[in-house]
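*Asks:* The following block contains a protein sequence and its predicted model.
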Amino acid sequence: MAARLASSSKRLSSHLFSSKVTPFCRAYSSTNIVGESPILVRDFIHSALYDPEHGYFSQRSGSVGQLDRSIKFNQLQGRKAYMKYLDAIYKRSDISWFTPVELFKPWYAHGIAEAIMRTANFSVPLKIYEIGGGSGTCAKGVMDYIKLNAPTRVYDNMTYVSVEISPTLAKKQLETVGEVDSHLAKFSVECRDAADPNEWGHEEQPCWVIMLEVLDNLPHDLIYSKDQVSSWMEVWVQKIRDGQELSELYKPLEDPLITSCMEILDISKDGSTRGSMAGSFAKNIWAKIFPSPRKCWLPTGSLKLLQVLHGALPKMSLIASDFSYLPDVRIPGERAPLVSSKKDGKSSDLNSYLDAKGEADIFFPTDFWLLERIDHHCSVKLKPRDISSKKGKKRRTLTLDTSSFMEEFGLPSKTRTKDGYNPMLDDFKNTKFYLSVPTHNTK
């Protein structure tokens, strides 16, 4: 049980600790999210999470935690002492969970800063964008590290821009970064939606984009097939029984984002698979005898965001971290989300995403293989068959386990307890880092 919980930071805090959660202002029904007309699954999820009035993140005053001080890991005996220390922290706060960059500050952010410094082009001023910067801990840690370790001119000329949709967090980030006076002249917050192309200009200079635990909460779409060989259909959400319940509605594939994501993933719209005619015939017979419905979740929110970023920042380098898998998922379908709510300090997983009513977090595992394909596709509009080859690629990419990333770029000795236990390396086995930098390939 403990080992399973330790594999996911979100579930670690949700299940192991009885943290207090701020009560919601009013009860809300998921049927209120859907109007008289059906909506795509991604629009339902976006509203359930981000609606200003009833969205999950809007209703929680303490959605992002911030520790008063760094944890002194070298003073803790081992895992048991660490868990006891965390338990005390959660009981003193209204926070459901703390992000890795917060738990391991400043060392987690220092590892990110080192990765940037090793590959940044210092012939031009360093510019960093961070999307979804939380309480500003990553920004401050990165700027602290650059100030101490980079040439003076790099720090003096750098700019750090946080793109944050929440006004409350935007204010908090300014307070956090402002703890170092010299940072404020280089730091700014733009309170907007990073996925809105109209909010970006066009920047030809090299820059870095940081996204920590952003991809897991981006809206996804869902496609459905009634058996192993039938055509895929896009899933919508509609009201039934006089508007008292929600159900799925299946329509022919038409949405551009859904069809683009299927092409990148190399999913045939008609449900067919490559293989011999004999194999296809056998599969058709099997599907008629033992029909098995199929569902597949598509990261259309990630696709849209990367389309926008590559369009606005064609020479950007990207560093992202997120969950590569989630335990005990009850929702059906490939890449399905975990839908979890919390009441009276107790966490419970829901059996359907349609039950999300503003008090449930909906978060997805990140398929890093697919993320790489989407990244390459958005950078040069590659045809799906060219993504797997080096033909025309404009990016050099690398995916690392968090432990491997921190051993390469960070100082893991700083998060090691007396008996050798290291929560940054040992408790985040289900998280990865993705690095992507532009190449000089012009073919």
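*Replies:* Received it, and whenever you're ready, just let me know what you need.
*Asks:* Now do the helices in the stretch 1-150 of the chain.
*Replies:* For the stretch 1-150 of the chain, the helices defined by DSSP state H, counting those that start in this stretch cover 2-6, 9-16, 41-50, 56-59, 79-91, 100-103, 107-119, 137-149.
*Asks:* Could you say which of these is packed most deeply?
*Replies:* helix 100-103 (a mean of 24; mean count of other Cβ atoms under 10 Å). Yep, even glycine has a C-beta here, placed from its N, CA and C like the rest.
*Asks:* what does that helix contact?
*Replies:* 9, 65-67, 71, 108-109, 134-135, 137-138, 141, 212-213, 321, 402, 423-424, 428, 431 (Cβ atoms under 8 Å, 6 or more residues apart in numbering).
*Asks:* mind redoing it with 10 Å?
*Replies:* When contacts are defined by Cβ atoms under 10 Å, 6 or more residues apart in numbering, helix 100-103 is touched by residues 9, 12-13, 64-67, 70-71, 73, 82, 86, 89, 95, 97, 107-109, 111-112, 133-135, 137-139, 141-142, 210, 212-213, 321, 402, 406, 415, 423-424, 427-428, 431.
*Asks:* what stretches of the stretch 251-400 of the chain score poorly on pLDDT?
*Replies:* 270-291, 342-346, 381-393 (pLDDT under 70).
*Asks:* Can I get stretch 33-48 in CSV, CA atoms only?
*Replies:* Provided in CSV are the C-alpha atoms of stretch 33-48 (Å, rounded to 0.1, in the frame of the first residue of the first chain):
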residue,chain,number,x,y,z
ILE,A,33,-21.8,22.1,-17.1
VAL,A,34,-23.7,21.0,-20.2
GLY,A,35,-26.3,23.2,-21.8
GLU,A,36,-29.1,22.3,-24.0
SER,A,37,-26.7,21.2,-26.8
PRO,A,38,-24.1,18.4,-26.4
ILE,A,39,-20.4,19.4,-25.9
LEU,A,40,-17.2,17.6,-26.7
VAL,A,41,-15.5,15.7,-23.8
ARG,A,42,-12.6,18.1,-23.8
ASP,A,43,-15.0,21.1,-23.3
PHE,A,44,-16.7,19.2,-20.4
ILE,A,45,-13.4,18.5,-18.7
HIS,A,46,-12.2,22.1,-19.3
SER,A,47,-15.4,23.5,-17.6
ALA,A,48,-15.2,20.9,-14.8
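*Asks:* Might you report the residue contacts of the residue nearest to residue 433 when sequence neighbours are not counted?
*Replies:* Distances taken as Cβ to Cβ, 6 or more residues apart in numbering place residue 405 nearest to residue 433, at 4.2 Å, with adjacent residues excluded. Residues in contact with residue 405 (Cβ under 10 Å, 6+ apart) are 108, 111-112, 115, 319, 321, 398-399, 431-435.
*Asks:* between those, which is closest to residue 369?
*Replies:* Of all the contacts of residue 405, residue 369 sits closest to residue 399, with 8.0 Å by Cβ to Cβ.
*Asks:* My read is that that closest one contacts residue 324, right?
*Replies:* Yes. Counting by Cβ atoms under 10 Å, residue 399 touches residue 324, with 8.8 Å between them.
*Asks:* show me where the stretch 201-350 of the chain has helices.
*Replies:* Going by DSSP H, counting those that start in this stretch, the stretch 201-350 of the chain shows helices at 256-265, 277-289, 300-312.
*Asks:* Packing partners of the last one?
*Replies:* When you say that, I think you mean helix 300-312. helix 41-50, strand 127-131, strand 207-212, strand 221-225, helix 256-265, strand 316-323, helix 368-380 (3 or more Cβ pairs under 10 Å, 6 or more residues apart in numbering; DSSP states H and E).
*Asks:* With respect to residue 32, which of these lies nearest?
*Replies:* Among the helices and strands packed on helix 300-312, helix 41-50 sits nearest to residue 32 (Cβ to Cβ), with 9.1 Å.
*Asks:* tell me which strands and helices that closest one is in contact with?
*Replies:* Packing partners of helix 41-50 (3+ Cβ pairs under 10 Å, 6+ apart): strand 39-40, helix 56-59, strand 221-225, strand 233-240, helix 256-265, strand 294-298, helix 300-312, strand 360-363.
*Asks:* Could you list which residues are in contact with the residue nearest the centre of the chain?
*Replies:* Compute the mean C-alpha point of the chain, and by Cα atoms, centre = their mean the closest residue is residue 215, 2.1 Å away. The contact partners of residue 215, taken as Cβ under 10 Å, 6+ apart, are 131-132, 299, 301-302, 305-306, 320-323, 363-368, 371, 434.
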